[in-house]
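S.K.: coords below, sequence missing:
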């Protein structure tokens with residue numbers, strides 16, 4: 001399979017406390033393997049966050065489809081219409097699906113309180129991370145590391161270090177498990 005080779009804007013900056021700038025040293029510090037290789041990893045991880053968010057959103061859609069249309073029992077035009085034109089349409093945002101999921105969980109009592117709280121926190125974090133990588137700007141600060149700068153009710157910045165990436169993995173894993181648990185609990189209630 002072909003790997004895309006498309007243009008990506010990159011902005012480099014460096015703060016100097018002196019007016020005597022050696023531009024050859026400046027260029028070396030801005031364009032080197034030590035900076036560019038981790039930057040590629042940050043971009044790949046950001047892409048994985050975007051795709052993993054789509055997976056979480058599809059899991060929410062599956063739960064909502066089961067809540068509103070019942071278990072799958074073969075091809076059904078109304079079910080397909082609801083899934084395609086409502087759940088998967090751009091009119092129903094991630095945020096709206098998240099709210100519907102919680103109304104369903106609360107109404108049907110398919111998750112205990114601690115799991116509900118954890119799921120709500122995780123879905124909110126995932127939404128913020130997705131928005132950060134979809135709309136934010138990745139930066140490298142010399143001797144401090146990599147950051148994603150974005151706007152969410154104000155200017156924000158996340159340091160993209162090992163503990164951040166570990167948190168991302170943990171949140172996505174737990175969120176997946178909690179959505180699966182909610183769907184299983186719903187199926188058990190119906191049995």
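M.R.: Thanks, I have it. Just so it is clear, the structure is predicted and the values come from calculations on it, not from any experiment.

S.K.: From the contact counts, what lies against the helix or strand containing residue 125?
M.R.: If you go by DSSP states H and E, residue 125 is part of helix 113-135. When contacts are defined as 3 or more C-beta pairs under 8 Å, 6 or more residues apart in numbering; DSSP states H and E, helix 113-135 packs onto helix 33-69, helix 94-108, strand 145-151, strand 155-159, helix 162-190. All C-beta spots, glycine's among them, are computed from the backbone N, C-alpha and C.

S.K.: Output these as TSV; include the columns mean pLDDT, distance to residue 128 and mean neighbour count.
M.R.: Shown next, in TSV, are those (pLDDT from 0 to 100; distance: least, C-beta to C-beta, whole Å; neighbours: other C-beta atoms under 10 Å):
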stretch	mean pLDDT	distance to residue 128	mean neighbour count
helix 33-69	92	10	15
helix 94-108	97	11	15
strand 145-151	93	8	17
strand 155-159	96	8	13
helix 162-190	97	11	15
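
S.K.: Distance to residue 4 added to these, as CSV?
M.R.: Below are the helices and strands packed on helix 113-135 laid out as CSV (distance: least, C-beta to C-beta, whole Å):
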stretch, distance to residue 4
helix 33-69, 11
helix 94-108, 25
strand 145-151, 21
strand 155-159, 26
helix 162-190, 23
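
S.K.: of all the ones you listed, which lies closest to residue 124?
M.R.: helix 94-108 (7.7 Å; C-beta to C-beta).

S.K.: and the angle for that closest one with helix 113-135?
M.R.: Going by axes from the mean of the first three to the mean of the last three C-alpha atoms, to 10 degrees, helix 94-108 is angled at 170 degrees with respect to helix 113-135.

S.K.: what sits against the residue most central in space within the chain?
M.R.: For the chain, the residue nearest the mean C-alpha position is residue 130 (3.5 Å; C-alpha atoms, centre = their mean). Contact analysis of residue 130 by C-beta atoms under 8 Å, 6 or more residues apart in numbering lists 49-50, 53, 94.

S.K.: Ok, residue 159 next?
M.R.: 144-147.

S.K.: how near is it to residue 100?
M.R.: Here the criterion is C-beta to C-beta, to the nearest Å. By it, residue 159 lies 33 Å from residue 100.
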